[in-house]
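> no sequence on this one, just coordinates:
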C-alpha cells in the first residue's frame, strides 16, 4: 500500500527527474572510485603478489569512506523534507488532504532512503575490485551492507525528526549533522572518557570488565562497530558478548530509536496534536 | 454549512479570536473582511483543521473540525493566503498528485483534471511545469487543486491577493462559477469591492471579534449606528479637526482635502447635535454629509472604533 502512496510517488518523480540525481550519483561514485583507484595506485607494487591483508585495507578504506558519505548524504536528504515543505509553503495544503501525517513521514523517509540505497547499490561494483584480489568473504561484504542499511535507517530518521521539529531546513540539516557527529565521534570520546575515569590505577592488573556505559557506547558507535565488523575487535574491553552480540545491540538500538523517531515525527506533524 | 460558536484562540499573550460566532448556510458565499491581524487567517486555519482552537466549536456540515478532522478534510477545499507549488512537476502531475492524496482512483484522473483545467482556463498549461506558471495561473491552479475531490465547502484565504486586475477578474469569475455549482464558499479578501460583488453575506472581523455581519446591503445601509460623515469648512480646518476629535460620538477623524472625514457612532439626533455644535462654535460649515454606498466605507466605519482620533 505504501508503494502507491502519492507522496512517495511524487517524491520519487521529483527526486529522480532532472540532472540532480544522476549528478550526485556520478560524484559519489567518482569520490569512492577515485579513492580506491588512488590507493591501488599507491600500493601497485605490493598488489602484484597475493596479499589478503592489502585487500582488507582497501575494503576497510572503502567501507569507512562509504560510512562517511552515508552520514553526509542521508541526513542531508531527509533533514529538509518536511522543513523544506514548510519553507516552500506547501505543507499546510498537504496536511489538509486525506493523507495521514505518519504516511507523509514514512513516504518521505522511503523516498530519501531509496536514493541513498541507490548510491549504496551503485557502489557495489567497486567492491568487485577487492574480491578480485581475495581476502574478503562475501559474508563480510553482506555484513557491511546490512550495517549500512541499519545505519542509513537511523541517520534518515534523525534527519526526518529534525525536519519536523525545526521550521527551517538549514537549522534542521545542521542539527542532523551535529547528531551524526555525536554518534560517530562523540560516543567514542565519551566511552574513552568514562573508561578512563572508571579505571582504578591502584588495582593491578586492571580488570578486563569495562563499565556498562562504555560497552553500550562502543556498541552504538557506527565507526567502532564497522571496525569490529571488519575484524578490528572491540575498541574497549575484551572480545566478549555483552547480553547480546555487539551487532545485535547496534541493530536493535538503531532500528528501535529510528522507529521511535519516525513515530514521533508523525505525531509532531499532526497539526491538531495536543501540546 | 459552517457553524462557528464562541471560538477562541490565543498565541502567547495575543488573543487572535475572541468568542467568534458565525454561521454560513449551504451554497452561500461568505466574505470575511477585517484589517491585518483581525483573525481571519486564524479562523480559516481552524476550519481547515490546521490549528486547534483553545475553546468553542467549529462545525463543517455538522462535523467537528477538532474531533473529526479527517472527515472534515474530505469535504473542504482549502487555499491558504500564501502557498507554494512543487518544483519539477507539471500542472497535470500536480493535480494528479492531489487527486491521489484524496484517494481518487487513477483511472478517473484524466477526465477530472481536464475538467478542472477547463474550469480555471489552464487547459493549454497541462504540460507546463508549475513553477514556471505566472502568479495568476498558480492562483487558478490552486483553486483547481481545491476542487479535485469535489468538496462541498471551500475556504479561500485571500485568493486574489497580489494579482493584477485581469487575474483578479478571472479568480472572481471562477468563484462565481463555484457559487453556481452550489458550493459553500468562505472567502477573505482585502479587496472589498470585489467581495461586495460576489458575496451573499459578509462578516467584519476586528481584533478577533465579529463586529458586523449580514448581507452586503445590510452592512452598507444597515449600519446605522456607525456612519462616515464628510465635513467641509471654508476656513479654520485645523482648529475644527482638533475640535471634532474631542466631540462625543466621533471615533475617528481624518483630513480629506479641504475638509474632514469622520467616523461617527451614535443616533441620528446625535449627528444633528454635532452639526449644531460645529455651527455654534462658529465654524463656517460648507458641507456636512453622510457618506453612503460602499462596503469599504462600512468597513472603515465599523473598524474605526478604537483607532486614534
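Received, thanks. The model shown is predicted, which means the values in this text are computed figures rather than measured ones. Numbers count the residues shown, from 1 in each chain, chains lettered A, B, ... in the order given.
> for the host helix or strand of residue B:18, packing partners?
Element membership for residue B:18, per DSSP states H and E: strand B:14-24. Contacts defined by 3 or more Cβ pairs under 8 Å, 6 or more residues apart in numbering or on different chains; DSSP states H and E place strand B:14-24 against strand B:2-11, helix B:40-47, strand B:55-60, strand B:201-206, strand B:209-215. From N, CA and C alone the C-beta is placed, and that goes for glycine too.
> what is the mean pLDDT for it?
For strand B:14-24, mean pLDDT rounds to 91.
> do the same with stretch A:227-241
Rounded mean pLDDT across stretch A:227-241 is 77.
> can you name the residues in contact with that stretch?
Outside stretch A:227-241, the residues within contact range by Cβ atoms under 8 Å, 6 or more residues apart in numbering or on different chains are A:56, A:59-60, A:63, A:140, A:143-144, A:147, A:188, A:191-192, A:195, A:208-210, A:214-215, A:218, A:224, A:246-247.
> please point out which parts of it sit buried.
A:227-230, A:234-237 (16 or more other Cβ atoms under 10 Å in any protein chain shown).
> filter the contacts of stretch A:227-241 to the buried ones?
Buried members of the contacts of stretch A:227-241, counted by 16+ other Cβ under 10 Å: A:56, A:59-60, A:63, A:140, A:144, A:147, A:188, A:191, A:195, A:210, A:214-215, A:218, A:224, A:246-247.
> tell me which of those residues fall in helices.
Of the buried ones among the contacts of stretch A:227-241, the ones assigned to helices by DSSP state H are A:56, A:59-60, A:63, A:140, A:144, A:147, A:188, A:191, A:195, A:214-215, A:218, A:224, A:246-247.
> can you tell me which of those residues is nearest residue B:262?
residue A:188 (75.0 Å; Cβ to Cβ).
> need the pLDDT of the closest one.
93.
> list the contacts of it.
Counted by Cβ under 8 Å, 6+ apart, residue A:188 has contacts A:217-218, A:221, A:223-224, A:235.
> got it, and residue A:102?
With contacts defined as Cβ under 8 Å, 6+ apart, residue A:102 is in contact with A:262-263, A:266-267, A:269.
> repeat that for residue A:269.
Residues near residue A:269 by Cβ under 8 Å, 6+ apart: A:82, A:95, A:101-102, A:104-105, A:164.
> show me which residues of the stretch 201-309 of chain B sit near chain A.
Residues of the stretch 201-309 of chain B lying near chain A by Cβ under 8 Å from any Cβ of the partner chain: none.
> any weak-confidence spans in the stretch 201-309 of chain B?
B:220-225, B:292-298, B:300-309 (pLDDT under 70).
> that one: helices as residue ranges?
B:216-221, B:237-244, B:268-280, B:295-303 (DSSP state H, counting those that start in this stretch).
> most tightly packed of those?
Looking across those with neighbours counted as mean count of other Cβ atoms under 10 Å in any protein chain shown, the highest average goes to helix B:295-303: a mean of 22.
> hmm, back to that, helices - which of the contacts of residue A:269 land there?
A:82, A:95, A:101-102, A:104-105, A:164.
> wait, residue B:41 sits on residue B:190?
No - counting by Cβ atoms under 8 Å, residue B:41 does not reach residue B:190; the two are 11.9 Å apart.
> which one's more surrounded, those two?
Per other Cβ atoms under 10 Å in any protein chain shown, whichever of residue B:41 and residue B:190 has more neighbours is residue B:41, with 22 against 15.
> residues contacting residue A:217?
Counting by Cβ under 8 Å, 6+ apart, residue A:217 has contacts A:187-188, A:190-191, A:194.
> as a markdown table, those residues with distance to residue B:48 would be great.
Formatted as a markdown table, the contacts of residue A:217 follow (distance: Cβ to Cβ, whole Å):
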| residue | distance to residue B:48 |
| --- | --- |
| A:187 | 43 |
| A:188 | 48 |
| A:190 | 46 |
| A:191 | 49 |
| A:194 | 51 |
